[in-house]
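K.L.:
Mind folding the following:
(one chain, ligands or ions: 2)
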Amino acid sequence: MNSATYDNHSSRYAVGLMSGTSVDGIDAAVVQITDSLDGGMSVRLIAFENSPYPAAVRQDIFDLFDPLKATVNKIGSMNVLLGELYAEAALSVITAAGLRPVDVAVIGSHGQTIYHAPESEQLHGYDIHYTVQIGEGSVIAARTGVPCVSDFRPADMAVGGQGAPLVPFTEYLLYREAHRTLLLQNIGGIGNMTVIPAGCTQEQVYAFDTGPGNMIIDGVVERLYPGQLTMDTGGAIARQGEIHEGLLNLLMQEPYYSQSLPKSTGREQFGSSYIDWLLDYAKREDMKAEDVVATVTKLTAWSIGDAYCRYVRAQNPADALLVGGGGSYNPVLVEFLRQELEPLGVQVMTQEEIGQSSDAKEAVAFALLADYTMKQQPNNLPNVTGAARPIIMGKISY
Ligand SMILES: Nc1ncnc2c1ncn2[C@@H]1O[C@H](COP(=O)(O)OP(=O)(O)OP(=O)(O)O)[C@@H](O)[C@H]1O
Ligand SMILES: CC(=O)N[C@H]1[C@@H]2OC[C@@H](O2)[C@@H](O)[C@@H]1O[C@H](C)C(=O)O
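P.N.:
Ligands and ions are numbered 1, 2, ... in the order given. A predicted model of the protein is given here:
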């Protein structure tokens, strides 16, 4: 029995596990959550680790993104394998925090998204929205002895939401300010923005996926430098390239950018077939590899600036955009973002520049979301996901 429970404890430790759309590895964070007398809470990051996926595991995960390869036996076995890897990541970060599993009240595990279909499909006369995250919570709970909350998204979808994004709920709790309107921009595989108006209530927060984060950059780098590179580390390639206006203009026509809110996207849209199409064009135009990388880096920054102008600026002119996720470690991308936003009066800062961790942010969020599940309190933001009502997300494995 865990000594850390949800009865009469105003302070507890929670673990958050995140494996995002980039499939670069498992992020694991231990946080200490302390309730305050005014009904709020404080959250302190105690330890953080990233365990990269072995290359063969990463390849097996990518195979599951292709519905033709994702047979039910492969999904079933990877679900358990990822549960094992997530449990190891949790045990390791608990040790790094100087704790024992018995000290930890809950593990919140996002899992690995292998398919996300938030728009309605008709099946036998029913409206179907679905999303698939794997990484078995029962395995995580069994190996660690700590209750695990997993599979958060389906509950929001069951009440009409997109099942994403979920992190804004925690951004509202952790970042809101009385006098500044903040944009929290995550640049992972996908880019997503949370708008936190100055002095706002929970109902006034909104968020959406801006489009690709690093997904197109990673996709073209992997194809143009096969077996050598999986990302443009430090923006080294983009820095040497020039923007190709023809390709940039073509990519800017993607209908997702002007689709109305709420909206979310994923690898289904900006994954391998999109990269095939883009590289076919680049080949016909005889483009240099570095020019392709520079152009898609520029596109990514443009899509964020464009989203701000379309969906935010008129109602909520922002003071600052705080950049998190792996993209904040690409200085060329951050510089392009500054060029898009600073002329509009929006200061661009990375999480590191404000003393936080870009890497740990999403793992921390899932620790906090799981804490709410255990307290039986709603943890979605209907205004953000489009859900009809607040709901308690997450499935508990004891
Ligand atoms: N040093 C670096 N230089 C350039 N890019 C980097 C660097 N470090 C990370 N990245 C980029 O960040 C990506 C990983 O970002 P992150 O871990 O935030 O994504 P994720 O959590 O998988 O995605 P999502 O938030 O969409 O689910 C890498 O694939 C790479 O493109
Ligand atoms: C279905 C899914 O896994 N979506 C991810 C993805 O990666 C970024 C963006 O697209 C966001 O919508 C979401 O993740 C974060 C953790 C979220 O729900 O807030």
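K.L.:
What lies in contact with the helix of greatest length in the chain?
P.N.:
Ordering each helix of the chain by length in residues (DSSP state H) puts helix 72-96 first. Contact with helix 72-96 is made by 15, 17, 19, 26, 28-30, 47-49, 51, 53, 57, 60-61, 63-64, 100-101, 103-104, 107, 109, 111-112, 114, 132, 134-140, 142-144, 146, as judged by CB atoms under 8 Å, 6 or more residues apart in numbering. In this view, the C-beta of every residue, glycine as well, is placed from N, C-alpha and C.
K.L.:
chain center to it, what's the gap?
P.N.:
19 Å (CA atoms, centre = their mean, to the nearest Å).
K.L.:
again with stretch 196-207
P.N.:
On CA atoms, centre = their mean, the centre of stretch 196-207 falls 19 Å from that of its chain.
K.L.:
do that stretch and ligand 2 meet at all?
P.N.:
No: judged by CB under 6 Å from any ligand atom, stretch 196-207 stays clear of ligand 2, getting no closer than 7.5 Å.
K.L.:
Could you give me the buried positions within that stretch?
P.N.:
Under the neighbour-count criterion of 16 or more other CB atoms under 10 Å, stretch 196-207 has 196-197, 200, 202, 204-207 buried.
K.L.:
Span of stretch 372-384 from start to end?
P.N.:
Taking CA to CA, to the nearest Å, stretch 372-384 runs 18 Å from one end to the other.
K.L.:
quick one on the thing from earlier: quick one: which of the buried residues of stretch 196-207 sit in strands?
P.N.:
196, 206-207 (DSSP state E).
K.L.:
In three-state terms, label residue 292 for me.
P.N.:
helix (DSSP: H, G, I helix; E, B strand; the rest coil).
K.L.:
Could you check how far it is from ligand 2?
P.N.:
Taking CB to the nearest ligand atom, to the nearest Å as the measure, residue 292 falls 23 Å from ligand 2.
K.L.:
Next up, the contacts around that residue.
P.N.:
Applying CB under 8 Å, 6+ apart, we find residue 292 in contact with 220, 224, 241, 244, 247, 278-279, 282.
K.L.:
do that again at 6 Å, thanks
P.N.:
220, 282 (CB atoms under 6 Å, 6 or more residues apart in numbering).
K.L.:
Check what pLDDT it gets.
P.N.:
Looking at residue 292, its pLDDT stands at 98.
K.L.:
buried stuff in stretch 233-241?
P.N.:
235, 237-239, 241.
K.L.:
same thing with stretch 48-56?
P.N.:
48-51, 53.
K.L.:
For this structure, what lies in contact range of ligand 1?
P.N.:
Counting by CB under 6 Å from any ligand atom, the residues of the chain close to ligand 1 are 20-22, 24, 186, 188-190, 213-214, 217-218, 231-234, 325-327, 329-330, 362.
K.L.:
Tabulate the ones in strands among the buried residues of stretch 196-207 (a markdown table), appending pLDDT.
P.N.:
Compiled in a markdown table, those are given as follows (pLDDT from 0 to 100):
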| residue | pLDDT |
| --- | --- |
| 196 | 98 |
| 206 | 93 |
| 207 | 94 |
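K.L.:
Same list (these) but as CSV, adding distance to residue 77.
P.N.:
Listed next are those as CSV, based on distance: CB to CB, whole Å:
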residue, distance to residue 77
196, 41
206, 39
207, 34
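K.L.:
which of the buried residues of stretch 233-241 lies closest to ligand 1?
P.N.:
residue 235 (6.1 Å; CB to the nearest ligand atom).
K.L.:
Pull the distance from whichever strand or helix holds residue 275 to the chain's centre.
P.N.:
Assigned by DSSP states H and E, residue 275 belongs to helix 272-284. Here the centre of helix 272-284 is set off from its chain's centre by 25 Å, with CA atoms, centre = their mean.
K.L.:
Can you give me every residue that contacts the closest residue to ligand 1 within the stretch 201-350 of the chain?
P.N.:
Per CB to the nearest ligand atom, residue 326 is where the stretch 201-350 of the chain lies closest to ligand 1, at 1.8 Å. With contact taken as CB under 6 Å, 6+ apart, residue 326 is in contact with residue 214.
K.L.:
can you tell me how far it sits from residue 167?
P.N.:
Applying CB to CB, to the nearest Å, the value for residue 326 to residue 167 is 15 Å.
K.L.:
Residue 338: neighbouring residues, count only.
P.N.:
By other CB atoms under 10 Å, 18 other residues sit near residue 338.
K.L.:
Let me know the pLDDT of it.
P.N.:
Confidence score, pLDDT, at residue 338: 98.
K.L.:
again with residue 118
P.N.:
Listed pLDDT for residue 118 reads 89.
K.L.:
That one belongs to a helix, doesn't it?
P.N.:
No: counting by three-state DSSP, residue 118 falls outside a helix, being strand.
K.L.:
Return the residues in contact with it.
P.N.:
Taking CB under 6 Å, 6+ apart, one finds 129, 162-163, 264 in contact with residue 118.
K.L.:
if we look at ligand 2, which of those are close to it?
P.N.:
Applying CB under 6 Å from any ligand atom to the contacts of residue 118, those adjacent to ligand 2 are residue 264.
K.L.:
can I get the contacts of residue 118 in CSV with secondary structure?
P.N.:
As requested, those are arranged in CSV below (three-state DSSP):
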residue, secondary structure
129, strand
162, coil
163, coil
264, coil
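K.L.:
Please, where are all the helices along the protein?
P.N.:
Under DSSP H, the chain gives helices at 55-64, 72-96, 137-144, 153-158, 168-175, 215-224, 236-240, 245-252, 267-270, 272-284, 289-311, 331-341, 361-374, 382-385.
K.L.:
Kindly report the residues of the stretch 1-150 of the chain close to ligand 2.
P.N.:
So the stretch 1-150 of the chain meets ligand 2 at 20-21, 113, 116, 131 (CB under 6 Å from any ligand atom).
K.L.:
Of the buried residues of stretch 48-56, which is the nearest to residue 305?
P.N.:
residue 50 (28.9 Å; CB to CB).
K.L.:
Check the gap between that closest one and residue 328 for me.
P.N.:
14 Å.
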